[in-house]
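Engineer: 3D model of this:
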Amino acid sequence: MMSKLFNTVESFKDEIIETLSKLVEIKALSPEWGGEGEYDKAEYLMTKLDGFEVERYDAKDERAKYGIRPNIVARLEGKNDETIWYVSHLDVVPEGNESLWNTPPFKAVIKDGKIYGRGSEDNGQAIVSTLYAVKSIIKAGFKPNYSIGLAFVADEETGSKYGIQYLLKKKVFNKGDLFVVPDAGSTNGNIIEIAEKSILWIKFKIHGIQAHASTPKNLNAARRAMKFLLDLDEKLHSKFNLTNNLFNPPVSTFEPTKRERNVDNINTIPGLDVSYIDCRILPNYDLDEVINFIEDVKKFYEIRDNAKIEMEVIQKESSPMTPENSEVVKKLKAAIEKVRGIKAVVKGIGGNTCAAFFRKAGYETVVWSTIDGVAHQPNEYAVIDNIMNDAKVFAILPFI
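Structural biologist: Residues are numbered from 1 along each chain as shown. A predicted model of the protein is given here:
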């Protein structure tokens, strides 16, 4: 059976390349970036779903083409009702500075075993590898042990309000369903992501008194900010110092990042400093504990220096881990070994993927694919061999 299934996947190779090339050329940008959304890409994919039970869940968004953000749910019945879901997203990020591209960003170019173009790796590779995995099962005439669901969703790049979150509100999924999200990975396909660090973004407004630089007795907001942020950085690393080798780096990180423009001229002491920190916190800690600690440090500085410091939480996201011994992890490991002959390992990441929404909803979810990690970059590409091998993994997984 396995040999026939894999040969069927290979028989689709030319069509897979053609389909991904077409997807690259459909510019599915969010309205937040001046685009029309994903309607045209969804309509094209609908033509590829013969043999599936298909439903559309279109979220209303007046900014988008025809006022909708499309979500496609395609199912193939298996021997039991439990479903393995493959989730990929239709939207892409803007091309950025086009002068940095060697080829037109929204024109697929095939060269040296790669398909170049915006959205080829993120997330076109996932769309075609999962789609043709299931089309291969249908063509080969097999009935999988698990039912299979394909979810092609909108709005992943700008928050998933009109995509995954919309599907969860519509109760599309059932208790006991398993999820694979091919939206991150490694170059040899040996890493299965089961956890993400919690994300905390905080904005600080540190007030002083604007004055001429020759009068340093006035309260310099820039100096206050530097002292406060450096001390806060040291205290956070000291307080939240646990390690977890599932992650790289294995510690919580607290990075000062953005700093807003204050005064325009060199000879003026700023009266306001606006700075931000990006915190990636191990799931060992509760985010409210971290926020309360930062509040305490802020209050100490306000009292000691008679300062005014405003604090605003910009983003706060956390999700539970998928257990290492969960069903979806064990089955995916077995599928990878059958196709690749390698033993996959589980890891956590410091970034944030849409898998977090499923984990928070109580579903066992993993993130896996074989990629070079060139998403969002100029000259983005997908490796054709990776697409084919991933499709074989996705094809055999529902039979394990």
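
Engineer: what's the domain layout of this protein?
Structural biologist: Following automatic domain parsing, one gets these domains for the chain: 2-184+353-399, 198-317.

Engineer: Tell me where the stretch 51-200 of the chain has helices.
Structural biologist: Using DSSP state H, counting those that start in this stretch, the helices of the stretch 51-200 of the chain run over 125-140, 164-169.

Engineer: could you say what helices and strands the helix or strand bottoming out on mean pLDDT in the chain packs with?
Structural biologist: Scoring the helices and strands of the chain by mean pLDDT, DSSP states H and E places strand 211-212 at the bottom, with a mean of 92. For strand 211-212, the packing partners by 3 or more Cβ pairs under 8 Å, 6 or more residues apart in numbering; DSSP states H and E come out as strand 268-269. (C-beta placed from N, C-alpha, C; glycine too.)

Engineer: what does the helix or strand just after the strand it packs on contact?
Structural biologist: Next in sequence after strand 268-269, counting helices and strands by DSSP states H and E, comes strand 272-281. Contact with strand 272-281 is made by 197-208, 210, 221-222, 224-225, 229, 232-233, 236, 240, 252-260, 262, 287, 290, 314, 318, 350, as judged by Cβ atoms under 8 Å, 6 or more residues apart in numbering.

Engineer: quick one: which of those residues sit in strands?
Structural biologist: Among the contacts of strand 272-281, the members falling in strands (DSSP state E) are 198-207, 253-259, 314.

Engineer: three-state assignment of the spatially most central residue of the chain?
Structural biologist: Central residue of the chain (Cα atoms, centre = their mean): residue 353, 2.8 Å from the mean position. Following DSSP: H, G, I helix; E, B strand; the rest coil, we place residue 353 in the coil state.

Engineer: circling back to that earlier point, buried ones among the contacts of strand 272-281?
Structural biologist: Neighbour counting with 16 or more other Cβ atoms under 10 Å marks 197-208, 221-222, 224-225, 229, 232, 236, 240, 252-254, 256, 262, 287, 290, 318, 350 as buried within the contacts of strand 272-281.

Engineer: all helices for the stretch 251-400 of the chain, in order.
Structural biologist: According to DSSP H, counting those that start in this stretch, the helices that the stretch 251-400 of the chain contains are 287-305, 327-340, 355-360, 384-396.

Engineer: Compare these and give me the one nearest residue 27.
Structural biologist: Nearest to residue 27 among these is helix 384-396; the distance by Cβ to Cβ comes to 21.0 Å.

Engineer: next one: the closest one to chain centre, how far?
Structural biologist: Relative to its chain's centre, helix 384-396 lies at 20 Å (Cα atoms, centre = their mean, to the nearest Å).

Engineer: what mean pLDDT would you report for that helix?
Structural biologist: For helix 384-396, the mean per-residue pLDDT is 99.

Engineer: What of stretch 246-258?
Structural biologist: Averaging pLDDT along stretch 246-258 yields 96.

Engineer: what comes into contact with that stretch?
Structural biologist: Residues from elsewhere that reach stretch 246-258, judged by Cβ under 8 Å, 6+ apart: 194-195, 197, 229, 232-233, 236-237, 240-244, 275-282, 285, 346-350.

Engineer: Give me the buried subset of the residues you listed.
Structural biologist: With neighbours counted by 16+ other Cβ under 10 Å, the contacts of stretch 246-258 contain buried members at 194-195, 197, 229, 232, 236, 240, 244, 275-282, 285, 346-350.

Engineer: hang on, the earlier thing: highest mean neighbour count out of the domains of the chain?
Structural biologist: A comparison of the domains of the chain by mean neighbour count, using mean count of other Cβ atoms under 10 Å, puts domain 2-184+353-399 on top with a mean of 20.

Engineer: Can you measure across that one, start residue to end residue?
Structural biologist: This stretch, domain 2-184+353-399, spans 10 Å end to end (Cα to Cα, to the nearest Å).

Engineer: again with stretch 78-97
Structural biologist: Per Cα to Cα, the first residue of stretch 78-97 is 46 Å away from its last.

Engineer: and the gap between the residue nearest to the centre of the chain and residue 156?
Structural biologist: 9 Å (Cβ to Cβ, to the nearest Å).

Engineer: Touching both of the two, which residues are there?
Structural biologist: Contact criterion Cβ under 8 Å, 6+ apart; residues shared by residue 353 and residue 156: residue 183.
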